[in-house]
Each structure stands twice: as C-alpha cells, then as structure tokens.
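**Q** attaching a predicted model along with its sequence, questions to come.
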Amino acid sequence: MCGICGFYSKRNITKEHLRMMNDSLRHRGPDDHGEEIYPGTEGYLIGMAHRRLSILDLSDSGHQPMWSADGRVSVVFNGEIYNFRELRLQLADYPFHTSCDTEVILAAYMKWGIACIRHFNGMFALCIFDRKKNEMFLARDRIGKKPLYYWTDKYHGADSLVFASELKPIMLCPGFTKRINTKVIPRYLYQQYIHAPDTIFKDVYKLEPGSILCFSNGKTKKLKYWDIAKEYYKCQNMSVCDYAAAKEELKTLLIEAVKLRMEADVPIGTLLSGGYDSSLVTAIAQEIAGTVPVKTFSVGFMESQTDESEYAKAVARYLGTDHAQMICTQTDLVKLLADSPKFFDEPFADPSLIPTMAVSKFAKQDVTVCLTGDGGDEFFCGYGYYQQVKWAQRLDIPGAVMHILGNAASVEERYPMPVRIISQNRNRKTKTQIRSQTYANCAEHMLLEENGMIPLKYNEENYRISDWQVRRMLLDMDTYLPGDILAKVDRASMKYSLECRCPILDKNVMEYSFRLKHCFKCKGGGKKQKMILKDITHEYIPKEIMDRPKMGFNIPLDKWMRSFLNEQISSYADTAYLKKQGIFRPSFCNKIIHSYLKNGNAGNYTGKNYQNICWNFFLFQQWYEYWCS
C-alpha cells in the first residue's frame, strides 16, 4: 500500500516540485520514496513518484519507480496484486530481480501490453510509462478499492496530465488553481460524497473503477475493462441454481480470498465489528492461522446505542482471537473530526469516517495490515433500504394512481411523506433511488442560481433488470461502494499508514456472486437478507451469537450538532460569510441551518434528512476552510 503521483506535461515541473508533491503522501508510504523525471518527445517531460509502505519484500529491491529489465517501461504502483505468484509462473521467461508484486506488473505488461490489467486480481492504482511508445497508462482496480485522481489542462496550447493517489499532490503542482466545481455540490449535499469521475475541483477527475486512461503527446483515451452491469449479465448466463453447491463454492472462494490477503511480511489482523461480514472474514482467517490467534480490533463508544463492541468481543471470544478493544470518548472522536479535512482532501460527510479513523489508529499500534468485511452488504443484499426498494416496486402502480389523483386535485404535496415519496417516484430512470424529492430540491436551492445544477440521481438505464432490488444493488456497487465506503476506508486507514484488504471484494468472489440466484441472497422480500453469507458464517459461529439487528458504525449527529458544534455550524451559515464565499444562497441556507439547530427535527424543515443535509453542509464548510480560505 502506497501513494503515487506524477505527470506527462510541458510545464516546468522540477524534481524538487515532484518531491514536494510526493511528500504530501507520506502518510500513505512512510518507509521509502522515489522521484524520477524523464524526457519525452515534442518537449514533454514525464515525472513519476512513489511513497512506499513496505508489505511484501521489505528490502530495497521494492523501490519505485521500478524499471523493466530492458529499461523500456517504468511503473509506480499503489496496492496489492494478490495473484502475483501465479502470474509469475506464467511469466517465467522474464528475468526477475525481486520477489515483489510490482515487478510482476512490469513483466505482465511486457508480455500482454496494457491488457495485462485484466490478468490482475487485486486492489491497485498504477501508472505505467512506455518509453518506446511514449504512452502513459493510468489504471484502477475493478471495484475502486484504491483511488486515482488526474488533472488535465493546456499549457502553451499543449494538453498535459497530472495524476496522484489523492488531491494533495495535484494542489501542489505548479500552475494548478483551486477552482471549485460547484455543479457537484448539490449531489454531495444529497448523498455525502462526490462520485467518480467528478471531483470538487474543475478539470480534475477520479479515474472510474475498472478503467484505464491512456495519454500520449496530448491525446487522451479512456476504456473500461471491467463493468458491473456487463459482468452481471455475463455471469447470469452461468447461473448456479443449487443452493448447497453454491454455498460450498462460495465458501471455498472466500477461504482462498482470505488466504491470499493474509500473505504479508508484516503483522496482520482484522477489523472486527461483530457484524456478519467482518465476523466471517475473521473466522476464516483464524481457521487458516490454526493455533496462532489472529489479532482483532474493535472500538466502542460511550453512547450505548451506537456501541457494537460487546458483540465483537463475543465473536472474538468464541473464535479465540487475540482481541483488543478501545472505548472512544466524545473528546477522542471530536479531535478526529477536526483532523479529517487534512486527509479527506475533498468534501466527504459519511459520519462513520470518524470511528473508522479511530479503529485504524488503534489497530496500527500492533499491525500494518488488516482484513475487513467491506462489500458484503452490496454484493449479498445486506442494507435495510433494500427492503424498502422491494416494497416500492410492489406499490409502484398504486403510486402512479395516487400521483394522477394528487395532481388533479392539487393535493399531492399534502400526502404523508411515505405516500408522497411513492407517488412522486415516476421517473423510470431513477426508480430504485427512493428518497424525498423535497430533500433533493433543498440540496439544489442551497446553491446560488448562477452556479447551475446537475441532476441529483443516477441513470439506471444501464441495468436492464426488472427486479428493483437487484438493480439497486448493482447501482450501489457502481456508486456508493467505491464513492463512499471504499473511499472512507482508504483515507481513514492510510491516515495511519494501515493497509486494509477486503476478501469479499476479491474478483472471483464478486463474479461468483453474480452467478447466484437472488433468492440465495435475499428471501421474503428482504426478511432474510445476506442468507448465503449468514449460513456460511453459522458454520463457524453459532447463530445465537450472530443474530441481532444491524446497527452500523455511527455517531450521534443530532446531539453533536445541536450542542458543542452548534456555534461552529452557525458561523459557517452566517450571511456575511456565505456572501463572501459566493457558493451558497445565504438566505436559504441560513433559514435551514438555524431552523434545524434551534428546533431539530421538529422545526419547519422536518425529518432526519435535514439533519443529514446540515451535517453535509458543515463538513463541506470545514473542508473549505482548511483548503480554500
């Protein structure tokens, strides 16, 4: 796990500039660094830099940028290629000099060209420069576990490219200007994160998961090598219909995925919440480790309603792991909140980022690598709102009737909120994104009119699936999982130089999940969710230990915002401050924020969604104050 940055540009970017950009990623890779600049053609310069967190082959031979044996190709790489030993056997004719996975990338490129990306099973963001072709390739793993940003602009009429694992190096690049991309802010206020390819800055983009960007002498081309919808359709043609066989095969794939991710030359553990996904990963890891207890980590909170630590402790006790638990105070969490903008260097408001930072900091005291249960909810139908999606589909025809009658009598806005949401859900392109239109309108109206708005919902037409529940799961895999969950875990863990690995997001596990009948994952319209994963878990851990309501990893937002954060939030909504900032509509924002802070969910803007929009506004302003004021 590391950090990378670099450029393909005619700008006067010196090695000193490149080193400064690279050093902003030191938290991602404190063990080693490398910066190199090469001459290209037509006046271009190519820069490549790397910060290393040593995991495999701790010797100096893993130093990057790394060159191919013939000096033609160089690479900088963030992540892990889990099947690198298997690939190395297929590449036996290459003169290897190291035992690390980075050199396997070079050997694979020399044999297969950029199509080598399809052979990799892992989490990665990488840059390959081919000196012979004068081509630079950026690539990101299938599901977007590792981040990759790029900035494109013109310098003296020539297009240039600057890339990095985070926004910090790009912000430090000579010539870069922080121009806020106001068009993405309504969607951020609506959903708490900014989804690829957009970022908070104009002309800066996230490379989408499963994508490759090619850049050569000012020409850019992007291609998709792994697509959620296409892979789902392809795998459905090989559908598995026998439940017992499916459960056994999935268990085998999970065991192999965990085993691959336990390979490291540094201490390894698991982040154990006590929920099904992390408990299953921990159970498999402990089975593989045998008599040596696996190190497990959890955090608890003083507020009992959000504390899952006792459940994690019960699972750890049953499995016999070496468990460590930390109870966080409000003071601990607030300090992490204040520190978050430095490491989440574009607006990000998922409240669970704070406890995720807490458990990462705690685990780093003993290990360098942790396994997690990320991906289980999206791939195996675990979220509670998937039940709501199922009910919405059943009520869609009555909702259409209510919509016609409500509009005819001009009473639709007076319907109770649940009825209104179903009634107004008439856009066939966004059927599964069930949420109050009033809330979406609020997010739009918070911005100045001249900034222009973008649609707040995603187009679902790529998912030609009649079952809304399945369609929403695929949408979440494309959007919420990489944009929120994986971004959160990456930034929170790498803040402390901790590598997190996700066995459920193994290529083979993901693709096999697409072959399963949906009823293996969810039965009774959502009453039995994650059924196949739960049944596998019960082979390791008794059902009575595991069965309990899903809680999540949250903090008491309402309590925090309306008490000790009240004054700070109010200052961000001050009319003079907003006018100077020039992004938000002062009168509207002031009205919403102060109504909520005074009255909570009983104010003029009722419902917990307005608690969320106020929180998202606060995190944006906190980010803006740190990076742009």
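**A** Alright, I've got the coordinates.
**Q** quick one, what contacts Ile53?
**A** Quick fix: residue 53 reads Leu, not Ile. 1-2, 28-31, 368, 497, 499 (CB atoms under 8 Å, 6 or more residues apart in numbering). C-betas here are computed from N, CA, C, even on glycine.
**Q** of the residues you listed, which belong to strands?
**A** 2, 499 (DSSP state E).
**Q** elements contacting the helix or strand where Val281 lies?
**A** Assessed by DSSP states H and E, Val281 sits inside helix 276-289. Under the contact definition 3 or more CB pairs under 8 Å, 6 or more residues apart in numbering; DSSP states H and E, helix 276-289 sits against helix 243-261, strand 268-271, helix 309-319, strand 369-371, helix 376-380, helix 531-537.
**Q** what's the least confident stretch among the ones you listed?
**A** Out of these, helix 309-319 stands lowest, with a mean of 93 (criterion: mean pLDDT).
**Q** from the chain's centroid, how far away is the helix or strand just after that one?
**A** Sequence order places strand 322-328 as the next helix or strand after helix 309-319, per DSSP H and E. In terms of CA atoms, centre = their mean, to the nearest Å, the centre of strand 322-328 is found 25 Å from the chain centre.
**Q** list the buried residues of strand 322-328.
**A** Neighbour-count burial for strand 322-328, counted by 16 or more other CB atoms under 10 Å, picks out 323-326, 328.
**Q** can you check stretch 354-373 too?
**A** Under the neighbour-count criterion of 16+ other CB under 10 Å, stretch 354-373 has 354-364, 367-373 buried.
**Q** also stretch 369-386?
**A** Neighbour-count burial for stretch 369-386, with 16+ other CB under 10 Å as criterion, is recorded at 369-383, 386.
**Q** show me the contact partners of stretch 519-533.
**A** Taking CB under 8 Å, 6+ apart as the rule, stretch 519-533 contacts 243, 246-247, 250, 276-277, 280, 376-377, 380-382, 386-387, 390-391, 394, 469, 513, 516.
**Q** what about the buried residues of stretch 354-373, which are in helices?
**A** 354-364 (DSSP state H).
**Q** so which residues of the stretch 451-600 of the chain form helices?
**A** 468-478, 480, 487-494, 507-515, 531-537, 543-546, 557-561, 566-572, 575-581, 586-599 (DSSP state H, counting those that start in this stretch).
**Q** do I have it right that Asp484 meets Tyr188?
**A** No: at 11.0 Å, Asp484 does not count as touching Tyr188 under the criterion of CB atoms under 8 Å.
**Q** now Lys342: how far from Arg491?
**A** Here Lys342 is placed at a distance of 10 Å from Arg491 (CB to CB, to the nearest Å).
**Q** comparing the two, which residue is more hemmed in?
**A** Higher neighbour count among Lys342 and Arg491: Arg491, with 24 against 14, using other CB atoms under 10 Å.
**Q** one step back: and the helix holding Val281, C-alpha only, in PDB?
**A** Presented in PDB, the C-alpha positions along helix 276-289 are these (Å, rounded to 0.1, in the frame of the first residue of the first chain):
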ATOM      1  CA  TYR A 276     -21.700 -10.900   9.800                       C
ATOM      2  CA  ASP A 277     -19.200  -9.700   7.200                       C
ATOM      3  CA  SER A 278     -16.200  -8.900   9.400                       C
ATOM      4  CA  SER A 279     -17.000 -11.900  11.700                       C
ATOM      5  CA  LEU A 280     -17.000 -14.300   8.700                       C
ATOM      6  CA  VAL A 281     -13.700 -12.900   7.400                       C
ATOM      7  CA  THR A 282     -12.200 -13.200  10.900                       C
ATOM      8  CA  ALA A 283     -13.400 -16.700  11.400                       C
ATOM      9  CA  ILE A 284     -11.800 -17.900   8.100                       C
ATOM     10  CA  ALA A 285      -8.600 -16.000   9.000                       C
ATOM     11  CA  GLN A 286      -8.500 -17.800  12.300                       C
ATOM     12  CA  GLU A 287      -9.100 -21.200  10.700                       C
ATOM     13  CA  ILE A 288      -6.200 -20.500   8.300                       C
ATOM     14  CA  ALA A 289      -3.900 -19.300  11.100                       C
END
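**Q** quick one: average confidence on that helix?
**A** 97.
**Q** quick one: which of the helices of the stretch 451-600 of the chain is nearest Ser9?
**A** Closest of these to Ser9 is helix 487-494, at 26.1 Å (criterion: CB to CB).
**Q** give me the residues contacting that closest one.
**A** So helix 487-494 is contacted by 1, 3, 27-28, 145-147, 166, 193, 343-344, 348, 350, 352-353, 356-357, 360, 370, 372, 374, 499-500, 502 (CB under 8 Å, 6+ apart).
**Q** could you do stretch 320-339 as well?
**A** By CB under 8 Å, 6+ apart, stretch 320-339 touches 270, 272, 282, 286, 293-302, 309, 312-313, 316-317, 354-355, 357-359, 361-363, 366, 555, 560, 564.
**Q** quick one: low-confidence parts of the stretch 151-300 of the chain?
**A** Scanning the stretch 151-300 of the chain with the threshold set as pLDDT under 70 gives 156-158.
**Q** that one: helices as residue ranges?
**A** For the stretch 151-300 of the chain, the helices defined by DSSP H, counting those that start in this stretch cover 167-172, 185-191, 228-236, 243-261, 276-289.
**Q** which one of those lies closest to Ile569?
**A** helix 185-191 (14.1 Å).
**Q** gap between Val162 and Val204?
**A** Val162 is 9 Å from Val204, by CB to CB.
**Q** mutual contacts of these two, please.
**A** In contact with both Val162 and Val204: 150-151, 170, using CB under 8 Å, 6+ apart.
**Q** what sits against the closest residue in space to Phe348 that isn't next to it in sequence?
**A** Leaving aside its sequence neighbours, Phe348 sits nearest to Tyr193 (CB to CB, 6 or more residues apart in numbering; 5.6 Å). Residues near Tyr193 by CB under 8 Å, 6+ apart: 347-350, 483-484, 487.
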